[in-house]
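*Asks:* let's see this in three dimensions:
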Amino acid sequence: MATNTIESAKKCLVCQNEQKFQFKKQGFDYYRCISCSLLSTYPLPDSASIEAHYAQARKDGNYGLGREYMKYYIRVYKDFVKKLENKLHSYNIRLPGLKILDIGCFTGELLELLKEKGADVYGLELQDEAVKIANEKLPWRIFKADVLSNAFPQMKFDIVIMSGLIEHVVDPVKMLGRAFEILNPGGILMLQTPSS
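*Replies:* Numbers count the residues shown, from 1 in each chain. Model prediction:
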């Protein structure tokens, strides 16, 4: 009997509930969880496929787009910092001196804004060119490392930021678990992702 592509895929990565086929794009089937609405590819791409995808994106001008539209990104980052300051203010806490880790910091613009506010900033990034650019702005603060590894200074942070990252992660539950491991008690995890 032939399999119907509308059949449910493997369980949702986040909540382990059933997923239903939504559409096909660039050789991947996309499924949405019927419970939490997570949209994900199936089968999940392997590490080699993911690296090839990002290598091609860099080759096709990923950095050029970033530079071309930086004024828009900066506006978003400034808004992000303002939201963080407002949240901290509600706890009677200020940014100066807080230890912050930005996972997937790209070229470091968000960290620069936080440093200007007095924060003690660090970043993790996997793309070589982005690490180089970010380290020019924030020497000895940016590490070419995956947060799931130990290839960066093992310390606790007051705030962990994942901006535009979670949608690129194969195992979001593991990533979030690791973020909580490196947070100080009472720390803040700030997560931003596109809405659709």
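
*Asks:* now residue 35: how far from residue 169?
*Replies:* From residue 35 across to residue 169, the span is 19 Å (CB to CB, to the nearest Å). C-betas here are computed from N, CA, C, even on glycine.

*Asks:* more crowded one of the two?
*Replies:* residue 169 (18 against 13; other CB atoms under 10 Å).

*Asks:* pLDDT at the more buried one, what is it?
*Replies:* According to the prediction, residue 169 has pLDDT 77.

*Asks:* so it sits against residue 175, correct?
*Replies:* Yes. Using CB atoms under 8 Å, residue 169 is in contact with residue 175, at 4.8 Å.

*Asks:* residue contacts, the spatially most central residue of the chain?
*Replies:* Centroid-nearest residue in the chain: residue 165, 1.9 Å away (criterion: CA atoms, centre = their mean). For residue 165, the contact set (CB atoms under 8 Å, 6 or more residues apart in numbering) comprises 103-104, 175, 193.

*Asks:* rerun at 6 Å
*Replies:* Applying CB atoms under 6 Å, 6 or more residues apart in numbering to residue 165 gives the contacts 103-104.

*Asks:* pLDDT weak spots in this structure?
*Replies:* Low-confidence segments of the chain (pLDDT under 70): 1-9, 53-55, 57-69, 195-196.

*Asks:* show me which helix runs longest in it.
*Replies:* Counting residues, the longest helix found in the chain (DSSP state H) is helix 70-90.

*Asks:* list the buried residues for that helix?
*Replies:* Neighbour counts using 16 or more other CB atoms under 10 Å place 73, 77, 80-81, 84, 88 of helix 70-90 among the buried residues.

*Asks:* stretch 37-57 too?
*Replies:* Going by 16+ other CB under 10 Å, stretch 37-57 has these buried residues: 38, 40-41.

*Asks:* repeat that for stretch 115-128.
*Replies:* 115, 119-127.

*Asks:* columns distance to residue 99 on top of those residues, output as a markdown table?
*Replies:* Formatted as a markdown table, the buried residues of stretch 115-128 follow (distance: CB to CB, whole Å):
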| residue | distance to residue 99 |
| --- | --- |
| 115 | 12 |
| 119 | 8 |
| 120 | 5 |
| 121 | 8 |
| 122 | 7 |
| 123 | 12 |
| 124 | 14 |
| 125 | 18 |
| 126 | 21 |
| 127 | 24 |
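
*Asks:* so which of those comes closest to residue 147?
*Replies:* residue 124 (5.6 Å; CB to CB).

*Asks:* so which elements touch the helix or strand hosting residue 131?
*Replies:* According to DSSP states H and E, residue 131 maps onto helix 128-137. If contacts are counted by 3 or more CB pairs under 6 Å, 6 or more residues apart in numbering; DSSP states H and E, helix 128-137 sits against strand 142-144.

*Asks:* what residues does whichever helix or strand comes after the strand it packs on touch?
*Replies:* Using DSSP H and E, the helix or strand that follows strand 142-144 in sequence is strand 157-163. Contacts with strand 157-163, where a contact means CB under 6 Å, 6+ apart, come from 98-103, 179, 182-184, 187-192.
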